[in-house]
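Student: With the sequence up front, the predicted model follows.
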Amino acid sequence: MNYYIEVIKKYTVFTGRARRAEYWMFFLFNFIIAFVLGIIEGILEMPGVLGVIYMLAVLIPGIAVSIRRLHDTDKSGWWILIGLIPLIGSIVLLIFMVSDSTPGENQFGANPKELSSEA
C-alpha cells in the first residue's frame, strides 16, 4: 500500500527512478480497485461511471511511474510510446518493465534499490 500512496504523492514527477516493486504494486492496486469498482457498478447497475472516473484520476500518476520505471532501466521516458504499436510494442514495454534496475547511478539519478538498502 505504501508504494501505491507514494506514486499518488509523486503525481506529476516524471524525473528520477522507480523500482520494480513500486511500479508493479501500483499496477496491482489499480487492478484490485478497478475490479472492486466493477463489482460495485454491477450491483448498482451503473454503466461504468465509477471505473472511468477512477481511471482518469490515476492516468497521470500511471504515466509518471511508468516513465520513472523506464528511467530505472536507463531508457528514456519516450520509450513509453512504443506501447502504441499493437502487440509487439506492448511486449517490448512489458520486457522493459520487468527488467532489473541499472546498477549504480545512471543519467536519471541514483538507484532507488541501493538507496533503500542504505537507510
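Tutor: Nice, thanks for sending it over. All values derive from a computational prediction rather than experimental measurement. Numbers count the residues shown, from 1 in each chain.
Student: Would you state the strands of the chain in chain order?
Tutor: With DSSP state E as the criterion, the chain has no strands.
Student: quick one: least confident helix or strand in it?
Tutor: Every helix and strand of the chain was ranked by mean pLDDT, DSSP states H and E. The lowest is helix 112-118, at a mean of 71.
Student: low-confidence ranges in the chain?
Tutor: For the chain, the stretches with pLDDT under 70 are 115-119.
Student: Give me the packing partners of the longest helix along the chain, helices and strands only.
Tutor: Under DSSP state H, the helix in the chain containing the largest number of residues is helix 20-44. Applying 3 or more Cβ pairs under 8 Å, 6 or more residues apart in numbering; DSSP states H and E, we find helix 20-44 packed against helix 2-9, helix 49-57, helix 59-72, helix 88-98. Backbone N, C-alpha and C define where each C-beta goes, glycine included.
Student: Just list the residues touching the nearest residue to G83 once chain neighbours are set aside, thanks.
Tutor: Leaving aside its chain neighbours, G83 sits nearest to L93 (4.5 Å; criterion: Cβ to Cβ, 6 or more residues apart in numbering). Applying Cβ atoms under 8 Å, 6 or more residues apart in numbering to L93 gives the contacts W79, I80, I82, G83.
Student: Can you lay out those as CSV showing neighbour count and distance to F31?
Tutor: Shown next, in CSV, are these (neighbours: other Cβ atoms under 10 Å; distance: Cβ to Cβ, whole Å):
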residue, neighbour count, distance to F31
W79, 17, 23
I80, 17, 19
I82, 16, 22
G83, 17, 17
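Student: Closest to V7 out of the residues you listed?
Tutor: Closest approach to V7 among these (Cβ to Cβ): I80, at 15.3 Å.
Student: Count the neighbours of R17 for me.
Tutor: By other Cβ atoms under 10 Å, 24 other residues sit near R17.
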